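>>> from the sequence below, what's the structure:
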Amino acid sequence: MTDQSSQPAPPPPTEYRGPGNPNWYPGMPSPNKSGRPANRPDKRLLATQQMLDEMRAIVAVLCAKALEGDVGAAAIVLSKTMPSIKAQAEKVQFPFDASAPVSRQVEMVLDAISDGHVAPDVGRQIIDAIASLATVRASEDLEARLIVLEDARGL
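Modelled structure (predicted):
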């Protein structure tokens, strides 16, 4: 009679089964039946706590150096604590007729740029907005014309 404990364990599956012990497979007795012992902290939690403690020390050193006049340290502290300032265009006023044809609207913007009422970069933004609006209007017009044609043909 052969003893069942002397038989070799079945080979593990050959496909990848994810993280964990690659030598353990379903059906095999657990190598740690009672689980992780109580009062043993999670290693990831300990590592995170240690990083937070060290981060506090690093921030304290950076702040102290910034207060001493270190420009590089001050730049780091300010870049991480202050929101970045984004450029905003000034409000502009110039003669503009939104009902005019698109080419005339662009001419009005170019005239405002040449007269100094509008900065060139702001004028470019306005022209881009006019072009976008013209594209939307053209597609709306095509849709309306298509509906009329389909109604005429009885589709």
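
>>> so what are the domain limits for this protein?
43-81, 102-153 (automatic domain parsing).

>>> between those, which gets nearest to residue 19?
domain 43-81 (13.4 Å; CB to CB). Where you see a C-beta, it was placed from the backbone N, CA and C, and this is true even at glycine.

>>> just name the most buried of the domains of the chain.
The highest average neighbour count among those, using mean count of other CB atoms under 10 Å, belongs to domain 102-153 at a mean of 13.

>>> so how far is that one off the chain centroid?
Computed by CA atoms, centre = their mean, to the nearest Å, the chain-centroid distance of domain 102-153 equals 31 Å.

>>> kindly reformat the domains of the chain as a markdown table containing distance to residue 26 and mean pLDDT.
Output for those, formatted as a markdown table (distance: least, CB to CB, whole Å; pLDDT from 0 to 100):
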| stretch | distance to residue 26 | mean pLDDT |
| --- | --- | --- |
| domain 43-81 | 26 | 90 |
| domain 102-153 | 59 | 92 |
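
>>> could I get these in a markdown table, plus columns for distance to residue 35?
Output for the domains of the chain, formatted as a markdown table (distance: least, CB to CB, whole Å):
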| stretch | distance to residue 35 |
| --- | --- |
| domain 43-81 | 15 |
| domain 102-153 | 62 |
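
>>> max-length helix in this structure?
Scanning the chain for the longest helix, with DSSP state H as the assignment, gives helix 120-153.

>>> show me the helices in this protein, by range?
43-68, 71-81, 102-115, 120-153.

>>> a markdown table for those helices, including distance to residue 10?
Converted to a markdown table, the helices of the chain look like this (distance: least, CB to CB, whole Å):
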| stretch | distance to residue 10 |
| --- | --- |
| helix 43-68 | 32 |
| helix 71-81 | 55 |
| helix 102-115 | 76 |
| helix 120-153 | 66 |
